[in-house]
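**Student:** dropping the sequence and predicted coords here.
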There are 2 protein chains.
Amino acid sequence: MRATVLEGVGQVRLVDVPDPVIERPSDALVRVSLAAVCGSDLWPFRGQESFTPGDRMGHEWIGVVEDVGAGVTRLRAGDLVLAPFAFADGTCRPCRDGLFTSCPDGGFWGGHHDGGQAEAVRVPFADSTLVPVRAEADAEPDAELLRRLLPLTDVMATGAHAVSLAGVRPGSTAVVLGDGAVGLCAVLAARRARAGRIILVGRHPDRGDLARRMGATDVLAADDPATAAFVRDGTEGGAGGVAECAGTQSALDLALDLVRPGGTIGSVGVPNGVDRVDLYCLFRHNIALRAGVTPARRYLEPLLAEVLAGRLDPSPVLSTELPLDDIATAYRAMDTRQAIKTAVRP
Amino acid sequence: MRATVLEGVGQVRLVDVPDPVIERPSDALVRVSLAAVCGSDLWPFRGQESFTPGDRMGHEWIGVVEDVGAGVTRLRAGDLVLAPFAFADGTCRPCRDGLFTSCPDGGFWGGHHDGGQAEAVRVPFADSTLVPVRAEADAEPDAELLRRLLPLTDVMATGAHAVSLAGVRPGSTAVVLGDGAVGLCAVLAARRARAGRIILVGRHPDRGDLARRMGATDVLAADDPATAAFVRDGTEGGAGGVAECAGTQSALDLALDLVRPGGTIGSVGVPNGVDRVDLYCLFRHNIALRAGVTPARRYLEPLLAEVLAGRLDPSPVLSTELPLDDIATAYRAMDTRQAIKTAVRP
């Protein structure tokens, strides 16, 4: 089959690799229906995170089960499944606590595991990892539904995690930092959490209309000196919850500027180049910092139910769609910020 | 009157200063009954925190009201009162949220405000700041009761805040880092929160017996390499709540070693020389960092009720008591760790 590998900085390529096979009874083989390029794929692509040349790429994907190991009981061939961006055994203490990303036997797609920007994936711990979309086998996945479901595997779950960590409550003011796919999904999540006011602070003026359509009540520019004053004046001293969806030093610093005493920063971006956390600032005003990789598996069922009921549609974050053959173009579109997010079709 | 001032590094002295007077209608004048030296007083004393020579000292004190301004309605002369270590107006948004230490018109005792290691203190916003112990005027404060009440003004409230921030729940395992007065009070607070197991990790072997009497089920040494393994093995991968009561880099690093994925570090020590917060470590395992100066006022009434009912006695942390005249000796006893905490009697 063909799979995307990172051969060097700025060099992704679709190459022929051996077809995956069932290796353990708990495995499933899944044919990929739709995958995406994630903002965090860009860190190694740009050389800002270490990688081994030849690493498989892609951790956002959905597909159809082709085969299952003898120990798999909840899935069967033909099931359309959501794959959270980490696999996990489902039985250890962290998994029982809903911390699937801390499972000692789990892992993330890509690297020396199969990646999702490929034709197929071997899924360890398939029963506990995958979430079937429908019970009926042979249901033909509809292209529009795939686009609505794909973001659940990472960015929509991550937006929901940011809003959860930030403790956004009904009627409250939520600030979302970052107008990438995660930030836009956090806007959806804040609306879902019935925030009274949703202030998106971003860097791309052309995403303002989309953000408003998704539920933002205010869209502000991160580099506008008036932004902090606007937020503090409009919220009696700052927002109770700030969903930090960028993972950069400037976003974390801005979060500290915008949060109210006693408030909470929920930080979900993979920290990249963040070398300064102002502990004294947290201490001085009792600000909670809740940073966390999203245990996406925890969010899949409730988000899936809302997509299927027509109440949630994160597909607008997939601004571009290309054949898997054009994976290099897909990365470039993300790297140059021409695309919010690029989906690829095997 | 006489008041303690910091004249230079290592130099505290009791000097004559003008008697405080009512300056605003919301002021009260309070004669100090008992005060204490706090671990955080040692930072400027040692030159590890900036100060202005002549700064007043002392933020842990209780006393008897001598006079009140015309606007004071809840207090009268003769009331024995608890003074939280920060005064606050009680009406602003942070105060209404219980974040008295973030009151923009509030402040901390000492520096250019009156300090508690003195004969008397002018108290701004007396109605919202002070908590009367008894309604009856002229009640002669009993020496033993004063010793039980004094820790409430800082270290006992701070121990309670650490346990609250760390999210210690009934039946859970709480780890307390630091066997100073705050750590020992956090042990009391964890017992009060009905923690099932209370593991104190400290640096002073001679404080183990006291810690056990106060409620610690296990006492471990911070510098013993076996400590982390003991905690992780005994708690399925780490404690859900860690109360970090030292404010040092090594304590924060150890807290990250001892907390479980998805757990919470409640950090209440004034950060001193902490220049490294491992955001990636927090992120990787969804560990919440909740650092905060204690809004002591919030804790005074419930803690007072328990002391008066005989259910709480933090007085053992006052290991030494001296006349206010011996304030220099009181600091030295703390600085050399001979005393857990020194009380001074004006």
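**Tutor:** That came in fine, so what should we check first? Numbering: from 1, shown residues only, chains lettered A, B, ... in the order given.
**Student:** next up, the contacts around the closest residue to residue A:173 other than its chain neighbours.
**Tutor:** With CB to CB, 6 or more residues apart in numbering or on different chains as the criterion, residue A:173 has its nearest non-adjacent residue at 4.3 Å, and that residue is residue A:197. No exception for glycine: its C-beta is placed from N, CA and C like everyone else's. By CB atoms under 8 Å, 6 or more residues apart in numbering or on different chains, residue A:197 lies in contact with A:172-174, A:217-218, A:234-235.
**Student:** which one among those gets closest to chain B?
**Tutor:** Relative to chain B, the closest of those is residue A:235; by CB to the nearest CB it sits at 9.4 Å.
**Student:** picking that back up, most surrounded residue in the contacts of residue A:197?
**Tutor:** Comparing the contacts of residue A:197 by number of neighbours (other CB atoms under 10 Å in any protein chain shown), residue A:174 comes first, having 31 neighbours.
**Student:** show the pLDDT at it.
**Tutor:** pLDDT, residue A:174: 96.
**Student:** cool, the one 4 residues further on as well?
**Tutor:** At residue A:178, the pLDDT value in this model is 96.
**Student:** the one 10 residues further on now?
**Tutor:** We have a pLDDT of 98 for residue A:188.
**Student:** what sits closest to it if chain neighbours are left out?
**Tutor:** What sits nearest to residue A:188 in space, not counting adjacent residues and going by CB to CB, 6+ apart, is residue A:214, at 5.4 Å.
**Student:** isn't the one you found right next to residue A:190, touching?
**Tutor:** No: if you go by CB atoms under 8 Å, residue A:214 and residue A:190 don't touch, sitting 9.7 Å apart.
**Student:** which residues of the stretch 151-300 of chain A lie near chain B?
**Tutor:** A:165, A:236-237, A:252, A:260-262, A:267, A:270-271, A:274, A:277, A:279-280, A:282-293, A:295 (CB under 8 Å from any CB of the partner chain).
**Student:** picking up where we left off before, OK, contacts around the residue nearest to residue A:188?
**Tutor:** Contact analysis of residue A:214 by CB under 8 Å, 6+ apart lists A:184, A:187-188, A:191, A:316.
**Student:** how many residues are close by the residue of the stretch 1-150 of chain A found nearest chain B?
**Tutor:** In the stretch 1-150 of chain A, the residue that lies nearest chain B is residue A:102 (3.5 Å; CB to the nearest CB). A count of nearby residues for residue A:102, using other CB under 10 Å, gives 25.
**Student:** over to residue A:170?
**Tutor:** Per other CB under 10 Å, the neighbour tally for residue A:170 reads 8.
**Student:** now it: how far from residue A:241?
**Tutor:** 12 Å (CB to CB, to the nearest Å).
**Student:** same question for residue A:206.
**Tutor:** Per CB to CB, residue A:206 is found 26 Å from residue A:241.
**Student:** just want to know which of these two has more residues nearby.
**Tutor:** residue A:241 (28 against 10).
**Student:** please name the nearest non-neighbouring residue to the more buried one.
**Tutor:** Per CB to CB, 6+ apart, closest to residue A:241 is residue A:166, 3.5 Å.
**Student:** ok, now residue A:282?
**Tutor:** Nearest to residue A:282 is residue B:291, by CB to CB, 6+ apart, at 4.4 Å.
**Student:** ok, residue A:315 - contacts?
**Tutor:** Going by CB under 8 Å, 6+ apart, residue A:315 touches A:144, A:147-148, A:150-151.
**Student:** er, residue A:159 I mean
**Tutor:** Going by CB under 8 Å, 6+ apart, residue A:159 touches A:182-189, A:243, A:245, A:268, A:314.
**Student:** so which strand or helix has it?
**Tutor:** Assigned by DSSP states H and E, residue A:159 belongs to helix A:155-165.
**Student:** wait, residue A:69 sits on residue A:76?
**Tutor:** No: the criterion here is CB under 8 Å, and residue A:69 misses it with residue A:76 at 11.9 Å.
**Student:** these two - which one has more neighbours?
**Tutor:** For residue A:69 and residue A:76, the more surrounded residue by other CB under 10 Å is residue A:69, and the numbers stand at 19 against 14.
**Student:** circling back: mind listing which of the contacts of residue A:214 are in helices?
**Tutor:** Among these, the residues falling in helices (DSSP state H) are A:184, A:187-188, A:191.
**Student:** include distance to residue B:309 and neighbour count when you put these into JSON lines, please.
**Tutor:** Converted to JSON lines, the ones in helices among the contacts of residue A:214 look like this (distance: CB to CB, whole Å; neighbours: other CB atoms under 10 Å in any protein chain shown):
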{"residue": "A:184", "distance to residue B:309": "54", "neighbour count": "31"}
{"residue": "A:187", "distance to residue B:309": "50", "neighbour count": "31"}
{"residue": "A:188", "distance to residue B:309": "50", "neighbour count": "27"}
{"residue": "A:191", "distance to residue B:309": "47", "neighbour count": "18"}
